[in-house]
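Student: Quick one: sequence plus predicted model below, questions after.
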Protein chains: 2
Amino acid sequence: MSSGALQQTGVEQDQRIPTMYHIPVCPFSQRLEILLSLKGLEDRVGFHVVDITKPRPNWLLEKTRGTTALPALETEDGQILKESMVILHYLEDLFPEPAVAQRDPYRRAVEGMMCAMEGNFVAQGYRYVMNQDVNRRDDFRRGMLEQYARLNDFLLEHNPSGTYLFEDFGLAETVFTPFFMRFWFLEYYEDFDLPETDGYARVRRWRDACLAHPTVRQVTQEQVVKLYYDYARGAGNGALLPGRAYSSFVFEPGWKSRPWPPKDKYGHDATDVELGLAQ
Amino acid sequence: MSSGALQQTGVEQDQRIPTMYHIPVCPFSQRLEILLSLKGLEDRVGFHVVDITKPRPNWLLEKTRGTTALPALETEDGQILKESMVILHYLEDLFPEPAVAQRDPYRRAVEGMMCAMEGNFVAQGYRYVMNQDVNRRDDFRRGMLEQYARLNDFLLEHNPSGTYLFEDFGLAETVFTPFFMRFWFLEYYEDFDLPETDGYARVRRWRDACLAHPTVRQVTQEQVVKLYYDYARGAGNGALLPGRAYSSFVFEPGWKSRPWPPKDKYGHDATDVELGLAQ
């Protein structure tokens, strides 16, 4: 077992609370923040942002046994946990009240089936924003709508007249909301939105209520659009685009001081200067 | 909500117990059988095999709202649950004693991380057996070994000197064992096995103990090899190969009466007669 709690961590905080290591604006990490916010326990877990535009620091690689995937949670005892769904359930077990996840076996299973749909939903949204072939835009749009249609059908099956999957904003909402927020990059860079038709009415009601919930204010649309510019140009995870010296994920200069990036992702290559990353 | 419990089901059994609908020799369904066997509750769930060489019957499509993915569990109340991991947790909740899954939050998380590795492990094994390009055999072998190496590393991190992930055969073993058994098709059709080296010693000890466990006797090596011949020739899910009138997944003639298929999957196309499927 690791002795991480005793090592130099680079983090100046009480190591007796669990600590999340995550990349900036990380949607998987935001799930944990929402869960804690729903429980009123935001101060029970520390959050440490790792700069993805630089190689992982050695102290972090020692904790994760060499893997670079984030987020990772360091427990109070210095153990490392990975996978946001695993960490969500861990925190729900550790701080059971108030419950965010369902407790009844059948309801837990319904919640589990909906959470199992997040992988394809997330992958489709990221493939869509990263697409660079203007001729494939319609295919990606159709694929994204198909994902929303599946969620619509699931909600109609299990709670046709409600707003959330069950009575309140719960685990399924905690899992999906960070991606409804990230997918603001599809609105901005792809002019994507749900059609105003019956086929998406149930999932639209769900999504809009999720986005309006008071526990989900960790990121803004402006922040997502500015930080994910490089994704919209096909470069993920802090990778550098040709001709650029800075990633849109750099910490400095902060996103608030930068201009909005050009909306036409299939147009010209915006420079560091144009993006407010250099003078 | 569905009214499946009241509908014509085609299944002659007591509808007041949960019923699993699954394809023959289905590894995902075997997980459930192992779980129930560990609890001594094999008779608490009905198992109904669906013939994948024929279109899904209407009564089943009504239950699943048109989706064809199996397994699906019909609960005592006629609700439909999908996803084997969801169903495993549902049955663990429904029949909590004796516990198969871990209960302590940290141990549950470790178990969850290992279960989260099954997707890539399973996908690699199926891609490998279905590969038809003899020049890519080494790539697939390397990819498969990489998957085993990850499991080896995980077991070394969390229980270096033990046999199972924890003290006993538990949820992680229930999840992986059906695929250790299906991957007998790699031994037979690809001459694949784990090298006798230290780098795989921990996962080999785990796998061998899993395969020897008294609760996992639902399928045999002979059965897997004979039924999955078509997979080894690139045709999955009961699809028909060119020149063939019968899938290797047909119910009749039963696998016991058929000869062993040719081991060289890159060689000639075995006929229905040669496979014992027709006279």
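Tutor: Arrived safely.

Student: Dump the C-alpha coordinates for stretch A:37-49 into CSV.
Tutor: Provided in CSV are the C-alpha atoms of stretch A:37-49 (Å, rounded to 0.1, in the frame of the first residue of the first chain):
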residue,chain,number,x,y,z
SER,A,37,-22.4,20.6,-2.3
LEU,A,38,-25.7,18.6,-2.2
LYS,A,39,-24.5,17.3,1.2
GLY,A,40,-23.3,20.7,2.4
LEU,A,41,-19.8,19.1,2.8
GLU,A,42,-17.7,21.2,0.4
ASP,A,43,-15.0,21.6,3.0
ARG,A,44,-14.6,17.9,3.6
VAL,A,45,-12.5,17.2,0.5
GLY,A,46,-9.6,19.3,-0.8
PHE,A,47,-9.3,20.0,-4.5
HIS,A,48,-5.9,20.4,-6.1
VAL,A,49,-5.7,21.5,-9.8
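
Student: neighbouring contacts of it?
Tutor: Applying C-beta atoms under 8 Å, 6 or more residues apart in numbering or on different chains, the contact partners of stretch A:37-49 are A:11, A:13-14, A:17-24, A:29, A:32-33, A:36, A:73, A:91, A:95, A:97-98, A:100, A:169, A:174, A:215-216, A:251. The C-beta positions use only the backbone N, C-alpha and C, and glycine is treated the same way.

Student: need the residues of chain A near chain B, please.
Tutor: A:1, A:65, A:75, A:77, A:79, A:81-83, A:85-87, A:89-90, A:93-94, A:105-106, A:108-110, A:112-113, A:116, A:153, A:157-158 (C-beta under 8 Å from any C-beta of the partner chain).

Student: Give me the subset of these lying in helices.
Tutor: Using DSSP state H, A:85-87, A:89-90, A:93-94, A:105-106, A:108-110, A:112-113, A:153, A:157-158 are the members of these that sit in helices.

Student: Could you count how many residues lie near A:Leu211?
Tutor: Look at A:Leu211: counted by other C-beta atoms under 10 Å in any protein chain shown, it has 13 neighbours.

Student: Pull out the buried residues from stretch A:69-88.
Tutor: When burial is assessed from 16 or more other C-beta atoms under 10 Å in any protein chain shown, stretch A:69-88 yields the following buried residues: A:70-75, A:78-88.

Student: Tell me how far that stretch lies from the chain's centre.
Tutor: 16 Å (C-alpha atoms, centre = their mean, to the nearest Å).

Student: could you dump that stretch to CSV, C-alpha only?
Tutor: Below are the C-alpha coordinates for stretch A:69-88, written out as CSV (Å, rounded to 0.1, in the frame of the first residue of the first chain):
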residue,chain,number,x,y,z
ALA,A,69,-5.3,9.6,-15.7
LEU,A,70,-7.1,12.1,-13.5
PRO,A,71,-9.0,12.7,-11.4
ALA,A,72,-7.5,10.7,-8.5
LEU,A,73,-8.6,10.9,-4.9
GLU,A,74,-6.1,10.5,-2.1
THR,A,75,-8.0,9.2,0.9
GLU,A,76,-7.3,10.3,4.5
ASP,A,77,-5.0,7.3,4.8
GLY,A,78,-3.0,8.1,1.7
GLN,A,79,-4.6,5.5,-0.6
ILE,A,80,-5.3,6.5,-4.2
LEU,A,81,-8.7,5.9,-5.8
LYS,A,82,-9.4,6.5,-9.5
GLU,A,83,-12.5,6.6,-11.7
SER,A,84,-15.0,9.3,-11.0
MET,A,85,-18.0,6.9,-10.6
VAL,A,86,-16.0,4.9,-8.1
ILE,A,87,-15.1,8.0,-6.2
LEU,A,88,-18.7,9.3,-6.2
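
Student: tell me the strands in chain A, going along the chain?
Tutor: A:19-22, A:46-49, A:72-74, A:80-82 (DSSP state E).

Student: Pipe those into CSV and attach mean pLDDT per row.
Tutor: Below are the strands of chain A laid out as CSV (pLDDT from 0 to 100):
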stretch, mean pLDDT
strand A:19-22, 93
strand A:46-49, 91
strand A:72-74, 95
strand A:80-82, 95
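
Student: Reformat those strands as JSON lines; add distance to A:Ala278.
Tutor: Listed next are the strands of chain A as JSON lines, based on distance: least, C-beta to C-beta, whole Å:
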{"stretch": "strand A:19-22", "distance to A:Ala278": "26"}
{"stretch": "strand A:46-49", "distance to A:Ala278": "22"}
{"stretch": "strand A:72-74", "distance to A:Ala278": "32"}
{"stretch": "strand A:80-82", "distance to A:Ala278": "35"}
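
Student: Nearest to A:Arg56, out of those strands?
Tutor: Among those, the nearest to A:Arg56 by C-beta to C-beta is strand A:19-22 (9.4 Å).

Student: In the sheet, which strands lie alongside that closest one, parallel or antiparallel?
Tutor: strand A:46-49 (parallel), strand A:72-74 (antiparallel) (DSSP bridges).

Student: Between these, which one is closest to B:Gly199.
Tutor: strand A:72-74 (24.2 Å).

Student: remind me which residues of the stretch 1-150 of chain A are low pLDDT?
Tutor: A:1-15 (pLDDT under 70).

Student: What subset of the contacts of stretch A:37-49 is buried?
Tutor: A:18-24, A:29, A:32-33, A:36, A:73, A:91, A:95, A:100, A:169, A:174, A:215-216.

Student: So which residues make contact with stretch A:133-141?
Tutor: A:124, A:127-128, A:131, A:190, A:192, A:266.

Student: try 6 Å
Tutor: Contacts with stretch A:133-141, where a contact means C-beta atoms under 6 Å, 6 or more residues apart in numbering or on different chains, come from A:128, A:131, A:266.

Student: What are the buried residues along it?
Tutor: A:137, A:140.

Student: chain center to that stretch, what's the gap?
Tutor: 23 Å.

Student: hmm, back to that, got JSON lines for the strands paired with strand A:19-22, with distance to B:Leu211 too?
Tutor: Shown next, in JSON lines, are those (distance: least, C-beta to C-beta, whole Å):
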{"stretch": "strand A:46-49", "distance to B:Leu211": "42"}
{"stretch": "strand A:72-74", "distance to B:Leu211": "32"}
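
Student: among the ones you listed, which is nearest B:Gly234?
Tutor: Comparing the strands paired with strand A:19-22 by C-beta to C-beta, strand A:72-74 comes nearest, at 38.9 Å.

Student: distance of A:Glu92 from A:Leu73?
Tutor: 13 Å (C-beta to C-beta, to the nearest Å).

Student: now swap in A:Met144 and tell me
Tutor: 30 Å.

Student: How about the contacts made by A:Met33?
Tutor: Just so we're on the same page, residue A:33 is Glu rather than Met. When contacts are taken as C-beta under 6 Å, 6+ apart, A:Glu33 is in contact with A:Gln218.

Student: what's the spacing between the nearest residue to A:Glu146 once chain neighbours are set aside and chain B?
Tutor: In space, and not counting its chain neighbours, A:Glu146 is closest to A:Gln124: 7.9 Å by C-beta to C-beta, 6 or more residues apart in numbering or on different chains. Between A:Gln124 and chain B the computed distance is 17 Å (C-beta to the nearest C-beta, to the nearest Å).

Student: show me the contacts for A:Gln124.
Tutor: Applying C-beta under 6 Å, 6+ apart, the residues near A:Gln124 are A:143-144, A:147.

Student: and what of A:Thr163?
Tutor: A:205, A:209.

Student: please redo it, this time with the cut-off set to 7 Å
Tutor: Residues counted as contacts of A:Thr163 (C-beta atoms under 7 Å, 6 or more residues apart in numbering or on different chains) are A:205-206, A:209.

Student: List only buried entries from those residues.
Tutor: For those, buried by 16+ other C-beta under 10 Å: A:205-206.

Student: got the contacts of A:Thr163 as CSV, with pLDDT columns?
Tutor: Formatted as CSV, the contacts of A:Thr163 follow (pLDDT from 0 to 100):
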residue, pLDDT
A:Arg205, 98
A:Trp206, 98
A:Ala209, 98
